[in-house]
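Novice: sequence first, then the predicted structure, then my questions.
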Amino acid sequence: MAEPLGTQANPLRVAIIGSGPSGFYAAAHLQAQADLTVEIDMFDRLPTPYGLVRGGVAPDHQKIKSVTKAYDRIASDPNFRFYGHVEFGKDVTHAELAAYYHAIIYAVGAQTDRRMGIPGEDLSGSHPATEFVAWYNAHPDFADHKFDLTQENVAVIGLGNVAMDVIRILARTPDELTETDIADYALDQLKHSSVKNIYVLGRRGPAQSAFTNPEIKELGELDDASVIVAPNEVTLDPVSRQYIDSGVDKVANKNVEILKGFAAQGDTGKPRKIIMRFCVSPVEIIGTDKVEAIKIVKNELVPDEKGDLKAKPTDQFETIPVGLVFRSVGYKGQAVAGVPFDDRSGTIPNNLGRVLTAPKTGEQVIGDYAVGWIKRGPSGIIGTNKPDSVETVNSLLEDFRAGKVLSPATPDRSKLEDLLKSRNIQYVTFADWHFLDTVEQERGEFRSAPRLKFSKVDEMLQAIKERKTATATMQAAAAATPPPLAAD
Ligand code: NAP
């Protein structure tokens, strides 16, 4: 008779698709079940792990990236395997994985950007901020993108933390960027950047900003850039005033205080200017072949039926000449092959992480679970994913105890590896990633950077191969060397 599921002889086998924070926190909570043996296989289409911690967190925020040390501990568990450079839906399908695993957790994040739906959005020189972020972070899909940094005037649309990241990277001096892990080509191009004026366009007011306190404060601490906020821009409308005075939202209160501080300080005379505008919405990006200007409308704030303040356009328009636009209005999830998807919210329909065939009313899809941004939408900081993943894994464990998991025909890791090999997929293990990690760190030493990232998948695979060959040669040589003769 077969051993019970979840024991060493018959482990519960879970595939996690995506190796960002939400995937690792799901793995950690599975590993924390003392009474269960769980084999976890984590897949990523890139050879490198960590998702947005590697490809999203700004290079000048190195401290945030140290969270990967915790992920490395999770990956060091003998029952954990990483299969990098394996694309779900292409290299392996949902139906195939169902033959190897009792459950599949989707931790794929939000892979694209939200659209604004205004004329000129797709003109050359108008970019989703998410692409610029991926570019300066050496993401292989975006390394060849071009951003015209010869422009003096740039608009950044949106008041979120991604907008703050983009502004800082545009405004920082080469010296401020050199000792970060920014992509080498991005550092080169930013060194020669002509960007002078960065217009930050928020559709609502200072009290409704989506950025957090350290991020807005940091703009005021840049070596070469002044933050310019006209005093009338931070004068609050009565509803916002009441909200701020109530003190219920400490983050908003502090944001307003910091912005008022910028307004009081005025232009500090530094060569680059970050000009913050509130209650304005872009209505058109103007240009013939490429961006030449952005047309905005002044908004007033009006309460909706829930009492939230919404932006309502007035009849006052203005045109700002800019040659480059970054639309930083949020990420959006993309459908995962073979998994239900709600296009409206850009998420996988789910109830406490259990995948449903349709939002709210759908049936549960046995064996499928979602975590992170593809579960709840693109919000929150890295730590927000911890309780989110715990919630999903608790649902999975409850289902497992009720016998509601998949019954894989081949619950066998070696058979999965055979399948990948039969398809000539050069999958990357966590040990391989450690090789790559070491090489990147060594490459970064010349500019005192934490690492110099690879930005091409081929080069990553080649570096792993070379390092492995060199190590094997050294080990063979060591094994062939006769032991020293014992002294008489
Ligand atoms: P976000 O926080 O949702 O901000 C999006 C911004 O775009 C908001 O100001 C929003 O304004 C605005 N917006 C949306 N649609 C718009 C439109 N049609 N026209 C004009 N403005 C529009 O998104 P995000 O900046 O992409 O960040 C995603 C998540 O990652 C957030 O939770 C963020 O905190 C997090 N993150 C954190 C850090 C960090 O901790 N340092 C760094 C980067 C990202 P409304 O408020 O009016 O909708």
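Specialist: That came through, no problem.
Novice: please point out which parts of the strand or helix carrying residue 367 sit buried.
Specialist: According to DSSP states H and E, residue 367 maps onto strand 364-370. Buried residues in strand 364-370, counted by 16 or more other C-beta atoms under 10 Å: 364, 365, 367, 368, 369, 370. All C-beta atoms are positioned from the backbone trio N, CA, C, and that covers glycine.
Novice: which other helices and strands does the helix or strand just after it contact?
Specialist: Per DSSP H and E, strand 364-370 leads on to helix 373-376 as the next helix or strand towards the C-terminus. When contacts are defined as 3 or more C-beta pairs under 8 Å, 6 or more residues apart in numbering; DSSP states H and E, helix 373-376 sits against helix 385-401.
Novice: hmm, who's touching the helix it packs on?
Specialist: Helix 385-401 is contacted by residues 5-6, 12, 14, 20-23, 25-26, 28-30, 33, 36, 102-103, 105, 107, 350-354, 366, 369-372, 375-376, 380, 405 when judged by C-beta atoms under 8 Å, 6 or more residues apart in numbering.
Novice: write the PyMOL selection for whichever of these are buried.
Specialist: Applying 16+ other C-beta under 10 Å to those, the buried members can be selected in PyMOL as follows:
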select buried, resi 5+6+12+14+20+21+22+23+25+26+28+29+30+36+102+103+105+107+350+353+354+369+370+371+372+375+376+405
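Novice: filter the contacts of helix 385-401 down to the ones near the ligand?
Specialist: When contact is defined as C-beta under 6 Å from any ligand atom, the contacts of helix 385-401 meet the ligand at residue 380.
Novice: quick one: which of the contacts of helix 385-401 sit in strands?
Specialist: When those are checked against strands (DSSP state E), the matches are 12, 14, 103, 105, 350, 351, 354, 366, 369, 370.
Novice: mind giving me the packing neighbours of the longest strand anywhere in the chain?
Specialist: What stands out as the longest strand in the chain, according to DSSP E, is strand 309-321. Applying 3+ C-beta pairs under 8 Å, 6+ apart, we find strand 309-321 packed against strand 153-157, strand 280-286, strand 293-303.
Novice: picking up where we left off before, figure out how far the strand holding residue 367 is from the centre of its chain.
Specialist: Put simply, strand 364-370 sits 24 Å off its chain's centre (C-alpha atoms, centre = their mean, to the nearest Å).
Novice: tell me which other helices or strands it touches.
Specialist: strand 103-106, strand 350-351, strand 354-356, helix 385-401.
Novice: how about 6 Å then?
Specialist: strand 103-106, strand 354-356 (3 or more C-beta pairs under 6 Å, 6 or more residues apart in numbering; DSSP states H and E).
Novice: which SSE is immediately downstream of the first one?
Specialist: In this case it means strand 103-106. strand 112-113.
Novice: what about that next one, near the ligand?
Specialist: No. Using C-beta under 6 Å from any ligand atom, strand 112-113 stays clear of the ligand, with a minimum separation of 8.3 Å.
Novice: any idea how far the ligand is from residue 172?
Specialist: 15 Å (C-beta to the nearest ligand atom, to the nearest Å).
Novice: with residue 276 instead?
Specialist: From residue 276 across to the ligand, the span is 12 Å (C-beta to the nearest ligand atom).
Novice: you'd agree that residue is in a strand?
Specialist: Yes. Looking at residue 276 with DSSP: H, G, I helix; E, B strand; the rest coil, it is inside a strand.
Novice: ok, now which ones touch it?
Specialist: Each residue near residue 276 by C-beta atoms under 6 Å, 6 or more residues apart in numbering is listed here: 200, 229.
Novice: enumerate the beta-bridge partners assigned to it.
Specialist: In this structure, residue 276 bridges to residue 200 when assessed by DSSP bridges.
Novice: and what of the one 10 residues further on?
Specialist: In this structure, residue 286 has the following beta-bridge partners (DSSP bridges): residue 293.
Novice: residues contacting it?
Specialist: 120, 292, 293, 295.
Novice: one more: residue 253?
Specialist: residue 244.
Novice: same thing with residue 297?
Specialist: 281, 283, 313, 317.
Novice: please convert these to JSON lines, extending it with neighbour count, distance to the ligand and pLDDT.
Specialist: Formatted as JSON lines, these follow (neighbours: other C-beta atoms under 10 Å; distance: C-beta to the nearest ligand atom, whole Å; pLDDT from 0 to 100):
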{"residue": "281", "neighbour count": "19", "distance to the ligand": "5", "pLDDT": "98"}
{"residue": "283", "neighbour count": "16", "distance to the ligand": "10", "pLDDT": "98"}
{"residue": "313", "neighbour count": "16", "distance to the ligand": "11", "pLDDT": "98"}
{"residue": "317", "neighbour count": "13", "distance to the ligand": "15", "pLDDT": "98"}
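Novice: ok, the residues you listed vs residue 459, which is closest?
Specialist: Using C-beta to C-beta, residue 281 is the member of these that sits closest to residue 459, with 42.3 Å.
Novice: in this structure the closest one contacts residue 204, no?
Specialist: No. Residue 281 is beyond contact range of residue 204, at 9.3 Å (criterion: C-beta atoms under 6 Å).
Novice: neighbours of the residue of the chain found nearest the ligand, how many?
Specialist: Proximity of the chain to the ligand (C-beta to the nearest ligand atom) peaks at residue 160, 2.1 Å away. Residues lying near residue 160 (other C-beta atoms under 10 Å) number 21.
Novice: now it: closest residue in space, sequence neighbours ignored.
Specialist: Nearest non-adjacent residue to residue 160, counting by C-beta to C-beta, 6 or more residues apart in numbering: residue 210, 4.1 Å away.
Novice: equivalent analysis for residue 281, please.
Specialist: residue 203 (4.5 Å).
Novice: give me the below-cutoff pLDDT ranges for this protein.
Specialist: 1, 485-488 (pLDDT under 70).
Novice: what residues does it put near the ligand?
Specialist: Counting by C-beta under 6 Å from any ligand atom, the chain sits next to the ligand at 116, 157-163, 165, 202-204, 208, 210, 215, 281, 328-331, 378-381.
Novice: which residue is nearest the middle of this structure?
Specialist: Geometric centre of the chain, nearest residue: residue 52, 2.8 Å, by C-alpha atoms, centre = their mean.
Novice: can you tell me the SS state at the residue nearest to residue 438 when sequence neighbours are not counted?
Specialist: Here the nearest residue to residue 438 in space, its sequence neighbours aside, is residue 467; by C-beta to C-beta, 6+ apart that works out to 7.6 Å. Secondary structure state of residue 467, per three-state DSSP, is helix.
Novice: wait, residue 467 sits on residue 433?
Specialist: No. Assessed by C-beta under 6 Å, residue 467 is found out of contact with residue 433, at 11.2 Å.
Novice: more crowded one of the two?
Specialist: residue 433 (22 against 16).
Novice: need the phi and psi values for the more buried one.
Specialist: phi -60, psi -40 (degrees, to the nearest 10).
Novice: in contact with it, which residues?
Specialist: Contacts of residue 433 by C-beta under 6 Å, 6+ apart are residue 49.
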